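> what's the 3D shape of this:
(4 chains)
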2 protein chains.
Amino acid sequence: METLIDVQRKLLPDLLDVMQNRYRILQNVRYLQPVGRRSLSVNLQQTERVLRAEVEFLNQQGLLKISPQGMTMTDEGNHVLLELEEVMKQVSGLHVLEQQLMEKLNLEDVIIVPGDSDRDSWVQRDMGKACITRLMPLLKAKRKIAVTGGTTIAAVAEMMTPMTKKNQPLFVPARGGLGENVENQANTICSTMARKASGEYRLLHVPDQLSEESYQMMVEEPGVKEVLDLIRSAEIVIHGIGEAETMAVRRKSSTEVLEKVQANHAVAEAFGYYFDQIGNVVHKVKTVGLQLDDLTEEKTIFAVAGGSSKANAIAAYMKRGPRQVLITDEGAAKSLI
Amino acid sequence: METLIDVQRKLLPDLLDVMQNRYRILQNVRYLQPVGRRSLSVNLQQTERVLRAEVEFLNQQGLLKISPQGMTMTDEGNHVLLELEEVMKQVSGLHVLEQQLMEKLNLEDVIIVPGDSDRDSWVQRDMGKACITRLMPLLKAKRKIAVTGGTTIAAVAEMMTPMTKKNQPLFVPARGGLGENVENQANTICSTMARKASGEYRLLHVPDQLSEESYQMMVEEPGVKEVLDLIRSAEIVIHGIGEAETMAVRRKSSTEVLEKVQANHAVAEAFGYYFDQIGNVVHKVKTVGLQLDDLTEEKTIFAVAGGSSKANAIAAYMKRGPRQVLITDEGAAKSLI
DNA sequence: CTGGGTGGGACTAAAAAGGTCCATACAAAG
DNA sequence: CTTTGTATGGACCTTTTTAGTCCCACCCAG
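Here you go, the predicted structure:
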C-alpha cells in the first residue's frame, strides 16, 4: 500500500509543489503576522505578484485574513497548518534534501527519487525515468548526447522514451572500452538509448588493451576521429558514478591498478577516472574519448547514481567534478547529508 | 484528525478536480482499451484537445501507453488506479452525488458541501460560502439580486465577501413581510448582504398584516412600486427552503393557516409558498413581491438548503420549482438519493 | 484500394499568469 | 495636525499557457 502522496506524486506532480508553496506561505504568515505582501515576498523569495495571487486564493478559502494592517491567520488556517505538518514532512522531505544537496555540493540541480537502490532494484529505474524527464526539455536546443557505461546508465537507457522526429538526438559513447561486460558498456547503452529514443547513434570501436602506437593510429582513423569529434562537441553528458574498488574489480583490472587504487584510497569512479576522498584523480583508464577537462560549463552534465552505499563515492566525485545535475535516490541523499 | 483529502480540498480544490479527471480518464482507458482520443473524448464528454493534453501527460508519467492502435494501460497505470480507488470514493463522492441530484431533480447545477447542518451548525456557513463562490462569476453580467429570509440565507449573508466596485450588486428582498423574526427577515438579510458586499440595496416596507384595500394602496406607493419593479426584474434570486410546519409555527401563523398546512400535507416552504409532497401549492402567504410564476428561465435562481431533515422539503419543492441551482449539504444530498 | 479508426503537427484565438507601477488608506511617529 | 512608512487593491501591459480547429500520415480490416 503506497501512501496517497506517492500516488499523487505520479498523478499530478505539480500539485505537491503548489501545496508545499501554500503551506510555506501559511507558515510564514503565522510566524510574521501581521505581515504585508512585500516583506512576505522577500522572506519567501517569490515575486510579489505570484505571492499575491496565492494570498488572494488563501484569503478566499478563509485560511488567512487580509486587512489593511497586513495578513493574519484565521482559525481555519491554523487548523489546516496543524493538520498538514505531518504530511508535509513526508511530501517535502525530498525537496528539502534536494535543496540541501544542491547547496552542499554546488550543483546545478538535484533530483532525488524515493527509495534506496541498494535495497530495491526498481529504484534504479525510477532514477532512469527522472533522468529522462529532466533531459527531455533540453532536447529542443541540444541534441548530441554522450553516455557512459554502468548498470545505472543502462537503467536510464531502459527507461528512455521515444521523442519527436523534429529533434532527433544523437548518442555517442563518452569514452572507449573500459573493460565492462558487454551489457554495461557505453557502446551497448548508447545503441539501446538511440533505439528507444528513435534517434541516431555512433559507436566507438576501440579495443580495450592496445599499445601506445596502436592507440595513436586508431585515433587517426577517420571513422574513429569523427566520433571523437562528436564526443568532444556533445552538449549533454550522462554518466554514472561508481565505487572505486568495485569498479576496478568488475573491470578485471590488473593487480597493479588494483593496488594503486587501494594505496591511494580511491573511493569514486566516473567515466574511467578514479577519485580519492577529496576529489583527486588517482588513476585513469587509458582510453580515448571524453576527458575530465572536456566537461566544461557549456555542457549539461547528468550524474546518475543512487544507493546509500554510493554516497561516499558521489561526495568524492562531486568535489572534483564540474557543476552539474545529480540524479540520485533517497538512500544516497540521506547518507550524503 | 481530518484526512489529507479534506485538507487538500481546502488548500487546493481545483487540483482535486484535475486529479479526479485524470482518474476518470484512466478508468475509461482501462475499460475501453485500446481506445483512441476521439472515442474517449465522446465518452468523457470533453473536447478532444483538453483530453489530448491530459493523455499526453499521463503517457509521459508512464501511466498509459499510447500507440497507433490506441491507448492502453501500463502496469503502473493499473497500479495507480488500484491505489486510488479508495481515495477517490472519498474525493469524488460528493461530485457523484451532485451529478445524481442534478439529473434526478432536473437542476441547472448542484453544489454539495461536506457535513450535515442538522448536526454541525458550521456547515450552514460552508453552504453560504459555496453559494457566494458560485454567485461571484455571474456578477459581471448581472447585478440585481433578490433574496428571501430564513436562517440559511442569513448564513449566506454572513459569508458574503466584498466585490469590486466595478460591478456593484443591488440587493432587494424577494417578498414582503412573511412574519419572521427580524434577524431572519428578507429586509434585514438584504441590508446585511449589501453591506458585506459593499453594494446597494432597497428595502420593501410592507407591514405583515394589512387589509386588502391597504395592500392595494401600498402597492401604488411610488417607493414601494419602484422596489417591486426591481424585484420582478431581478436577474438572480437566492432563497431558502424550509419545512412547512416548522415555518408555519416559526411565523406564528394563525391556527387556521396551520390547520390548512397540516390538512393538505404541506411539507415544503419557499418564499412564502407552501408545497405538498408532489409540488402543489397548498397555501401562500399574502404579501407583495416575487410570485412563483415570476421565476422564469432567464433568472438564475439559487436554492440554499441543507440538513438531512430538510431533504423531504427540498424534494417536494423541486418538483414544482423552476430549473435552478441547488446548494445543499452532504446530509440532505444523501437523504435525497 | 478504401474507409474507418489511430496519433501527431500546426496555426490561431482566447484566457490566464506574471511584471510593473500607482492610487489610496491607515496608523504611528514627529 | 502633518508626515511617513506600511499596507492593500486596481490598472495595464507582456508573456505564457491553454484550448479550438484542421489537416495529414499511418495502419489495418473489409
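
> rest of the way, CA atoms for contacts and neighbours
Will do.

> Would you mind splitting chain A into its domains for me?
A:2-91, A:93-336 (automatic domain parsing).

> out of these, deepest packed?
domain A:93-336 (a mean of 20; mean count of other C-alpha atoms under 10 Å in any protein chain shown).

> Is it positioned near DNA strand D?
No. Figure legend: domain A:93-336 not in contact with DNA strand D (C-alpha under 7 Å from any atom of the strand); closest approach 11.4 Å.

> which residues in chain A form strands?
A:64-67, A:70-73, A:109-113, A:144-147, A:170-173, A:200-201, A:236-240, A:242-243, A:266-270, A:273-276, A:281-284, A:300-304, A:325-329 (DSSP state E).

> thinking again about what came up before, got TSV for the domains of chain A, with distance to chain B too?
Below are the domains of chain A laid out as TSV (distance: least, C-alpha to the nearest C-alpha, whole Å):
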stretch	distance to chain B
domain A:2-91	6
domain A:93-336	8
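
> Rebuild those domains as a markdown table, extending it with distance to B:E86 and mean pLDDT.
Shown next, in a markdown table, are the domains of chain A (distance: least, C-alpha to C-alpha, whole Å; pLDDT from 0 to 100):
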| stretch | distance to B:E86 | mean pLDDT |
| --- | --- | --- |
| domain A:2-91 | 10 | 83 |
| domain A:93-336 | 23 | 86 |
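
> ok, for A:D75, nearest residue in space, not its chain neighbours?
Spatial nearest neighbour of A:D75, chain neighbours left out: A:L63 (7.5 Å); criterion: C-alpha to C-alpha, 6 or more residues apart in numbering or on different chains.

> Distance-wise, check that neighbour relative to A:Q33.
Separation of A:L63 from A:Q33 (C-alpha to C-alpha, to the nearest Å) stands at 13 Å.

> what sits in contact with each of those two?
Shared contacts of A:L63 and A:Q33, defined by C-alpha atoms under 8 Å, 6 or more residues apart in numbering or on different chains, comprise A:M73.

> Contacts only, for the residue nearest to A:E180 when sequence neighbours are not counted.
Counting by C-alpha to C-alpha, 6+ apart, A:E180 lies nearest to A:R251, which is 5.3 Å off, once chain neighbours are set aside. Contacts for A:R251 (C-alpha under 8 Å, 6+ apart) come out as A:178-181.

> of these, closest to DNA strand D?
A:N181 (35.1 Å; C-alpha to the nearest atom of the strand).

> Wait, the residue nearest to A:D75 touches A:L81, no?
No. With contact defined as C-alpha atoms under 8 Å, A:L63 does not reach A:L81; the gap is 9.2 Å.

> Quick check: neighbours shared by the two?
Counting by C-alpha under 8 Å, 6+ apart, A:L63 and A:L81 have no common neighbour.

> Show me what residue of the stretch 101-250 of chain A gets nearest to DNA strand D.
A:P137 (11.4 Å).

> Same check on the stretch 51-200 of chain A?
Going by C-alpha to the nearest atom of the strand, DNA strand D is nearest to A:G70 of the stretch 51-200 of chain A, at 3.4 Å.
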